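Chemist: only geometry, no sequence info:
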């Protein structure tokens, strides 16, 4: 095989330019495609890093139902009114990132499986201080974390004024705010501690607004 390649190289030296390109592509197509793919990944990663937002609060929103992007953007703005600029970059950035997947079907499709894998990873790594979830995901988190002792509080926020105003949950739809305890591996991390403080402000808002609504007050 080496002799054949050597002979091919010698013959290629005598070929016109166009034929040299065809010759190169024939012998090195897999290597070229692999190199292009690797370069694309590197460029994509660099762009992602350059455009990455350093959030003052980053929580995950898991739902079986689609949520309008406009509603999510409005909710992010609401979160920002409650949070401090913990990274001191001059702006407050907060988001509730939506993950969709129907997990109540008997057979889960690839999207649902990927969504559950993402959720499991986030819980295992302690990536989110809190979650907003519908009832299906609340039940799953309770089952998945049973005996782990990582759930701090579960608050039903369906009737919180801001939830009704922005998301307008349909009949029978319930939403929950689940706060997670501080992991041992996170203790001593000043930035994560401050993010937890932002999370607790959001949690307190929901608790207080629901309490006032129950008492007949308008927040």
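Modeler: Everything's here; your move. Bear in mind the structure is a predicted one, so any value in this text is a computation, not a measurement.

Chemist: alpha carbons only for contacts and neighbour counts from here, please
Modeler: Noted.

Chemist: per the record, what domains does the protein have?
Modeler: Here the domain assignment for the chain is 2-50, 54-214, based on automatic domain parsing.

Chemist: From these, pick the one with the highest average neighbour count.
Modeler: domain 54-214 (a mean of 16; mean count of other C-alpha atoms under 10 Å).

Chemist: Could you work out the end-to-end span of that one for me?
Modeler: 36 Å (C-alpha to C-alpha, to the nearest Å).

Chemist: where exactly do the helices run in this structure?
Modeler: Assigned by DSSP state H, the chain shows helices spanning 2-12, 17-51, 69-82, 110-125, 135-144, 161-166, 190-214.

Chemist: where does the last one sit relative to the chain's centre, distance-wise?
Modeler: Spelled out, it's helix 190-214. Chain-centre distance of helix 190-214: 20 Å, with C-alpha atoms, centre = their mean, to the nearest Å.

Chemist: now it: mean pLDDT?
Modeler: For helix 190-214, mean pLDDT rounds to 93.

Chemist: and what of the shortest one?
Modeler: Helix 161-166 carries an average pLDDT of 95.

Chemist: how much space between the residue nearest the centre of the chain and residue 143?
Modeler: In the chain, the residue lying closest to the centroid (C-alpha atoms, centre = their mean) is residue 97, at 5.3 Å. Distance, residue 97 to residue 143, using C-alpha to C-alpha: 22 Å.

Chemist: if I look at residue 197, how far off is residue 190?
Modeler: Distance, residue 197 to residue 190, by C-alpha to C-alpha: 11 Å.

Chemist: So residue 135 sits against residue 178, correct?
Modeler: No. Counting by C-alpha atoms under 8 Å, residue 135 sits too far from residue 178 to count as a contact (11.3 Å).

Chemist: measure stretch 121-130 end to end?
Modeler: 14 Å.

Chemist: nope, stretch 58-73 is what I meant
Modeler: 13 Å.

Chemist: Good, we can wrap up now.
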